[in-house]
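*Asks:* Quick one: sequence and predicted model below, then my questions.
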Amino acid sequence: MSSQVASPVIVALDYDTPEAALAMAERLDPAKCRVKVGKELFTIAGPDLVRALVKSGFDVFLDLKFHDIPNTVAAAVKAAAQLGVWMVNVHASGGERMMRAAAEALAPLGSDKPLLIGVTVLTSTAEEELPAIGVSRPLAEQVKALAELAKASGLDGVVCSAMEAQALKAACGEDFALVTPGIRPAGSASDDQRRIVTPSEALKNGSDYLVIGRPITGASDPLAALDAIVSEIGTNV
Ligand SMILES: O=C(O)c1cc(=O)[nH]c(=O)n1[C@@H]1O[C@H](COP(=O)(O)O)[C@@H](O)[C@H]1O
């Protein structure tokens with residue numbers, strides 16, 4: 001699905017009511033950013049909210065990180081496509097058969113299909129947490145292996161930290177989209193994130209899309225915060 005948004009920023013609408021999410025969307029501008037609907041908001045507000053955001057002109061990233069048996073995930077991404085979303089994601093750790101089934105479910109939509117993205121290792125995860133979940137190789141190797149598996153399974157890109165973006169561009173190629181949360185302008189709080197990078201560093205490393213929540217949605221003037229980030233990274237909006 002092609003789009004004409006003038007910045008790489010995707011604003012995470014992490015709210016607990018549809019009213020709060022729509023109020024924030026009204027303060028933003030669909031020509032300047034995309035928006036992301038995640039688990040909390042979708043659970044409370046459902047597909048109507050997604051349709052409303054699409055209708056108001058936003059490219060919507062439906063961030064539900066599907067991870068289930070191949071048949072279920074294929075059906076779920078197809079349902080997401082029916083909502084008109086621009087991007088949808090699954091956990092790459094769900095494996096090749098699961099990711100391939102998702103890619104095959106979207107293929108008949110041709111150029112109208114949403115971008116299908118695999119989550120590698122969450123940006124809130126630190127290297128020392130991996131052994132307890134059965135991962136013995138270093139975090140960077142785990143991210144690279146999952147990104148390569150996602151590419152081999154027909155996905156359009158991955159979610160990763162911008163810390164890994166350079167290595168993934170080299171491994172997976174320029175056209176493989178890198179979606180990077182854990183973005184923090186210099187001086188802002190890291191919150192629960194662990195692998196954080198500034199917006200301009202992220203782009204320098206090869207990120208294609210920057211997922212940013214609290215540094216924009218928590219600002220007294222969210223559009224001004226977005227504009228400041230965009231001007232920091234030198235994109236013309
Ligand atoms: O898939 C995501 O969007 C995601 C993946 C990941 O590894 N880390 C991560 O933070 N996210 C999401 O990105 C957003 C980051 O929000 P802030 O930490 O407020 O900027 C949240 O909505 C997370 O759910």
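*Replies:* Happy to help now that I have it.

*Asks:* And the helices in the chain?
*Replies:* Remark: helices assigned in the chain by DSSP state H are 18-27, 39-55, 70-82, 96-106, 139-152, 165-172, 199-205, 214-217, 222-233.

*Asks:* looking at these, which is closest to the ligand?
*Replies:* helix 214-217 (3.5 Å; Cβ to the nearest ligand atom). Heads up, the C-betas are built off the backbone N, CA and C, glycines and all.

*Asks:* Buried residues in the closest one, which are they?
*Replies:* 215-217 (16 or more other Cβ atoms under 10 Å).

*Asks:* show me which of these neighbour the ligand.
*Replies:* Among these, proximity to the ligand is found for none (Cβ under 6 Å from any ligand atom).

*Asks:* can I get these in TSV with pLDDT?
*Replies:* Output for the buried residues of helix 214-217, formatted as TSV (pLDDT from 0 to 100):
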residue	pLDDT
Pro215	96
Ile216	97
Thr217	97
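
*Asks:* In the protein, what residue lies closest to the ligand?
*Replies:* Closest point on the chain to the ligand, by Cβ to the nearest ligand atom, is Gly213, at 2.5 Å.

*Asks:* Wait, that residue touches Ala12, no?
*Replies:* Yes. With contact defined as Cβ atoms under 8 Å, Gly213 reaches Ala12; the gap is 3.3 Å.

*Asks:* higher neighbour count, those two?
*Replies:* Ala12 (21 against 18; other Cβ atoms under 10 Å).

*Asks:* Partner strands of the longest strand that the chain contains, with direction?
*Replies:* In the chain, assigned by DSSP state E, the strand with the most residues is strand 60-66. In the sheet, strand 60-66 lines up against strand 34-37 (parallel), strand 87-91 (parallel) (DSSP bridges).

*Asks:* does any bit of that strand sit next to the ligand?
*Replies:* Yes. Interface with the ligand: strand 60-66 contributes Asp63 (Cβ under 6 Å from any ligand atom).

*Asks:* Pairing partners for the spatially most central residue of the chain in the sheet, please.
*Replies:* Centroid-nearest residue in the chain, with Cα atoms, centre = their mean: Val179, separated by 5.1 Å. Beta-bridge pairing for Val179 (DSSP bridges): Val159, Tyr209.

*Asks:* Who are the contact partners of it?
*Replies:* By Cβ atoms under 8 Å, 6 or more residues apart in numbering, Val179 lies in contact with 10, 61, 87, 89, 117, 157-160, 207-209, 211.

*Asks:* show me where pLDDT drops low in the chain?
*Replies:* Residue ranges of the chain with pLDDT under 70: 1-2, 235-237.

*Asks:* Try it again at 90.
*Replies:* 1-6, 186-188, 193, 232-237 (pLDDT under 90).

*Asks:* And the contacts of stretch 181-196?
*Replies:* Here stretch 181-196 has contacts from 12, 123-126, 159, 161-164, 197-199, 202, 210-215, 228-229, 232, using Cβ under 8 Å, 6+ apart.
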